[in-house]
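my questions concern the predicted model and sequence given below.
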Amino acid sequence: MPADRDVVDTADVFGLLSDPKRLRMLMALLDGELCVCDLAAVSGLSESAASHALRLLRAHRVVSVRRAGRMAYYRLDDAHVRMLLDVAVAHIEHTEAVHPEREL
C-alpha cells in the first residue's frame, strides 16, 4: 500500500484532471507545447483563468513551462501524465464500444 501522503497527492492529481476545461487543456498538450492564449482558446477559459489553472497543474507537476521572452509555453510534465490521459481516453472508447447503449 502506498504511503498516506502519496495517496493524498494522487487524489489531488485526479481532482485536477476532473475539471473538463483543465482536461481540454491537457488533451491539447498531447500534441505538444502551447502558449496560454492557445490553451485559453481550446478550453473556453479567459487567459487569466487559464493561467490560474496552469499554475495549479504546474504546482502538482502535471505540466511544466518553458519561457521564451515574455511568452510561456506549457507542455505535459512527463510520460506518466501522457499515459494517464491516454489510458483514460482508451477506457472511455472501450466502454462506448462495449456498451453503446450506455449514456455517460
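Happy to help now that I have it.

let's check: the centremost residue of this structure is which one?
Note on the chain: the residue nearest the mean C-alpha position is L26, at 3.2 Å, using C-alpha atoms, centre = their mean.

the helix or strand of the chain with the lowest mean pLDDT: how far from the chain's middle?
The helix or strand of the chain with the poorest confidence is helix 79-98; it has a mean of 89 (mean pLDDT, DSSP states H and E). Averaging C-alpha positions (C-alpha atoms, centre = their mean, to the nearest Å) puts helix 79-98 13 Å from its chain's average.

quick one: buried residues of that helix?
81, 84-85 (16 or more other C-beta atoms under 10 Å). C-beta here means a position set from N, CA and C on the backbone, and glycine is covered the same way.

next, format these as TSV and append distance to E47.
TSV is the format used below for those (distance: C-beta to C-beta, whole Å):
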residue	distance to E47
V81	22
L84	26
L85	23
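
and which of these is nearest A68?
Of all the buried residues of helix 79-98, V81 has the smallest distance to A68: 21.8 Å, by C-beta to C-beta.

residues in contact with that closest one?
Counting by C-beta atoms under 8 Å, 6 or more residues apart in numbering, V81 makes contact with 26, 62-63.

okay, and which of the residues you listed map to helices?
Residues of the contacts of V81 located in helices (DSSP state H): L26.

flag the shaky bits of the chain, pLDDT-wise.
Scanning the chain for pLDDT under 70 picks out 102-104.

which residues in the chain form strands?
34-35, 63-68, 71-76 (DSSP state E).

list the helices and strands the last one packs on?
For strand 71-76, the packing partners by 3 or more C-beta pairs under 8 Å, 6 or more residues apart in numbering; DSSP states H and E come out as strand 34-35, helix 36-43, strand 63-68.

ok, and what's touching the first one?
The contact list for strand 34-35, computed with C-beta under 8 Å, 6+ apart, reads 28, 42, 71-74.
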